[in-house]
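Student: Here's my sequence, what's the structure:
(one chain, ligands or ions: 2)
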Amino acid sequence: MTDIQELLLSRIRDVADYPEQGVMFKDITPLLADPAAFTALTDTLADIAGATGATKVVGLEARGFILGAPVAVRAGLGFIPVRKAGKLPGATLRQAYDLEYGSAEIEVHAEDLTTADRILIVDDVLATGGTAEAAIQLIQRAGAEVAGVAVLMELGFLGGRDRLAQALDGAPLEALLQL
Ligand SMILES: O=P(O)(O)OC[C@H]1O[C@H](OP(=O)(O)OP(=O)(O)O)[C@H](O)[C@@H]1O
Ligand SMILES: Nc1ncnc2[nH]cnc12
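Tutor: Ligands and ions are numbered 1, 2, ... in the order given. As a prediction, this is how the structure comes out:
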């Protein structure tokens, strides 16, 4: 494990049985509160954005906003929020998906994505992959290309990587930590 990975891992707090029995919640608020760790995470994800040739960063509500927005600024790219349904005022594309603990719908402003865009999706956690898969589907339905998915951590036992393989169609899935 690299020094950066050790730093990031040391700032993630495990919370048992949250938000429901049997879930080990990975809390990133200690990482966000540590400027060295947050900066290292932002810089590492911005390097990935550059390497994938992304033209814009999509962040997934809500924790993907916190990570994705500074990555977009650092990489010199625009930022597009993918929100839980009902939060965006303009014309949207909407996609339903299942979570480790429940189900939801996400939306994006259709006008934010063009056929010229290559999108890096940024989030904190890849768990079942339901959220990221729905985001990939939204981006592809808008005619844009998915440059890749970059997450702070992957919960490998939940199989998200396998779930995304087909939708990613060879685009990279980068997880800084395998948990
Ligand atoms: O791979 P999956 O099984 O889809 O799970 C991962 C998603 O779950 C969490 O978000 P959540 O929906 O809890 O929203 P939040 O960021 O607003 O807390 C996390 O931030 C990811 O977006
Ligand atoms: N175990 C977990 N911890 C934090 N965020 C999550 N999103 C889905 N599963 C999660």
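
Student: Contacts for stretch 160-169 next, please.
Tutor: 126-130, 132-133, 136-137, 140, 146, 148-149, 154, 173 (Cβ atoms under 8 Å, 6 or more residues apart in numbering). For every residue, glycine as well, the C-beta is placed using N, CA and C.

Student: Show me which of the residues you listed are buried.
Tutor: For these, a burial check counting by 16 or more other Cβ atoms under 10 Å picks out 126-130, 132-133, 136-137, 146, 148-149, 154, 173.

Student: Poorly predicted segments of this structure, please.
Tutor: Counting by pLDDT under 70, the chain contains low-confidence ranges at 100-101.

Student: Work out which residue lies at the spatial centre of this structure.
Tutor: residue 123 (2.0 Å; Cα atoms, centre = their mean).

Student: Might one say that that one is in contact with residue 63?
Tutor: Yes - look at residue 123 against residue 63 with Cβ atoms under 8 Å: they come within range, at 6.7 Å.

Student: re the thing from before, tell me which of the buried ones among the contacts of stretch 160-169 is nearest to residue 99?
Tutor: Distance to residue 99, by Cβ to Cβ, is smallest for residue 130 among these, at 5.8 Å.

Student: if I read this right, the closest one contacts residue 98, doesn't it?
Tutor: Yes - counting by Cβ under 8 Å, residue 130 does reach residue 98; the two are 4.6 Å apart.

Student: Can you report how many residues lie near residue 151?
Tutor: Applying other Cβ atoms under 10 Å, we find 24 residues neighbouring residue 151.

Student: likewise residue 93?
Tutor: 18.

Student: Could I get the full set of strands for the chain?
Tutor: For the chain, the strands defined by DSSP state E occupy 13-16, 24-27, 56-60, 78-84, 92-99, 102-109, 118-126, 145-154, 173-178.

Student: Dump the ones you listed to a markdown table, plus distance to ligand 1.
Tutor: Below are those laid out as a markdown table (distance: least, Cβ to the nearest ligand atom, whole Å):
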| stretch | distance to ligand 1 |
| --- | --- |
| strand 13-16 | 13 |
| strand 24-27 | 9 |
| strand 56-60 | 5 |
| strand 78-84 | 7 |
| strand 92-99 | 5 |
| strand 102-109 | 6 |
| strand 118-126 | 4 |
| strand 145-154 | 8 |
| strand 173-178 | 11 |
